[in-house]
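[1] Have a look; sequence and predicted model below, questions after that.
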Amino acid sequence: MTDDIARARDLLDHATSVAVLTGAGISAESGIPTFRDALTGLWENFRPEELATPEAFEANPKLVWDWYAWRREIVAKAVPNEGHRALAELERQCREHEVDFTLVTQNVDGLHREAGSHRVVELHGNIRRVKCFGQHHPVEIWPEGDGVPACPRCGSLLRPDVVWFGEMLPSDELAAALAAARTCDVFLCVGTSAVVEPAASLPFMALQAGARVIEVNPRPTPLTPSASVSLHGTAAHLLPLIIGIAQ
Ligand code: NAD
């Protein structure tokens, strides 16, 4: 493990352009459940596709709104962990050495910015924001009550401003993520099961363009066999070691 950490550090030290992709796993140690873990307790009988789709919302808006309200409460109480902070430090180090840096996240919790990261591409939106279902009007304040609140402008029901299964990703964010994957020489992939598209393809695009991939995940993923360095452990433990802010 020590050798692998040193190899990962060495790759980052010699990079001219770094791209990072994070998934739900990096926020697990902040107490935010991954999708797998978010479907426990009250929600154990559902699958993500039954809650995180436009069809699910149309069929049962109250169920979907309540699931997101529950997750929003968890996110509101969460604080960034050592993994988020290590990536903010990596960005600072890259800036200092004039190395390109882009952090692409599939997470909707906003914890990277809270940890001090600046160049963050939120591919799947942000759960703290709300918009209306019909016209995508952003809404800042809404009443918390029994029903699903409606848009003050058009009356359409409100929904979280996240990308659901089957929806298009925001085009600017997707373009920035693709550009980062195609131009980086080191791609660091943290806490993602590497199966949700199109994010899952980003490390493979980077590989095809000649980049080296470092993976941090307690479990093997479809990316593991292609990674130059695969570190099996948690983000909050391993990232500070790789970035060199812990021993
Ligand atoms: P996922 O739930 O499919 O996979 C999580 C991955 O993290 C797994 O491979 C797991 O082994 C790994 N993991 C678990 N604990 C970890 C830790 N402590 N450190 C490092 N890795 C750890 O998540 P995904 O790949 O991000 O894709 C699913 C979708 O879930 C995404 O679209 C995302 O928007 C959404 N999601 C986001 C949040 C959030 O914003 N925090 C939470 C749940 C789901």
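    Good, I have the coordinates.

[2] which ones are touching residue 128?
    Counting by Cβ atoms under 8 Å, 6 or more residues apart in numbering, residue 128 makes contact with 72, 75, 76, 109, 110. Where you see a C-beta, it was placed from the backbone N, CA and C, and this is true even at glycine.

[3] again, only using 7 Å
    72, 75, 110 (Cβ atoms under 7 Å, 6 or more residues apart in numbering).

[4] Out of the residues you listed, flag the one nearest to the ligand.
    Checking those against the ligand by Cβ to the nearest ligand atom gives residue 75 as the nearest, at 7.1 Å.

[5] Tell me which helix or strand that closest one sits in.
    Following DSSP states H and E, one finds residue 75 within helix 61-77.

[6] hmm, who's touching that helix?
    Under the contact criterion Cβ under 7 Å, 6+ apart, helix 61-77 has outside partners 31-32, 38, 43, 51, 56-57, 109, 127-128, 147-148, 157, 160.

[7] Can the longest strand belonging to the chain be said to contact the ligand?
    Longest strand in the chain, counting residues (DSSP state E): strand 125-132. No: on the criterion Cβ under 6 Å from any ligand atom, strand 125-132 is out of touch with the ligand, staying 6.6 Å away.

[8] quick one, strands of the protein?
    Under DSSP E, the chain gives strands at 17-22, 100-105, 120-122, 125-132, 138-139, 158-162, 186-190, 212-216, 229-231.

[9] so what does the fifth one touch, helix or strand wise?
    So that's strand 138-139. Strand 138-139 is packed against strand 125-132, with contacts defined by 3 or more Cβ pairs under 7 Å, 6 or more residues apart in numbering; DSSP states H and E.

[10] What residues of the strand it packs on count as buried?
    125, 126, 127, 130, 131, 132 (16 or more other Cβ atoms under 10 Å).

[11] Please apply the same query to stretch 9-20.
    In stretch 9-20, counting by 16+ other Cβ under 10 Å, buried: 9, 11, 12, 15, 17, 18, 19, 20.

[12] Show me which of the contacts of residue 128 are buried.
    For the contacts of residue 128, buried by 16+ other Cβ under 10 Å: 75, 110.

[13] chain center to the longest strand of the chain, what's the gap?
    Remark: strand 125-132 is offset 15 Å from the chain centroid, using Cα atoms, centre = their mean, to the nearest Å.

[14] any idea how far residue 103 is from the nearest residue to residue 118 once chain neighbours are set aside?
    Of all residues not flanking residue 118 in the chain, residue 91 sits nearest, at 6.4 Å (Cβ to Cβ, 6 or more residues apart in numbering). As for residue 91, its distance to residue 103 is 7 Å (criterion: Cβ to Cβ, to the nearest Å).

[15] hmm, back to that, any chance of the contacts of residue 128 in a markdown table with distance to the ligand as columns?
    Formatted as a markdown table, those follow (distance: Cβ to the nearest ligand atom, whole Å):
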| residue | distance to the ligand |
| --- | --- |
| 72 | 11 |
| 75 | 7 |
| 110 | 8 |
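
[16] Pull the contacting residues for the spatially closest residue to residue 34 that is not a sequence neighbour.
    Leaving aside its chain neighbours, residue 34 sits nearest to residue 24 (3.9 Å; criterion: Cβ to Cβ, 6+ apart). By Cβ under 7 Å, 6+ apart, residue 24 lies in contact with 34, 35, 107, 191.

[17] Widest-spaced pair of those?
    35 and 191 (11.9 Å; Cβ to Cβ).

[18] my guess is the residue nearest to residue 118 meets residue 115, correct?
    No: applying Cβ atoms under 7 Å as the test, residue 91 and residue 115 come out as separate, 9.9 Å apart.
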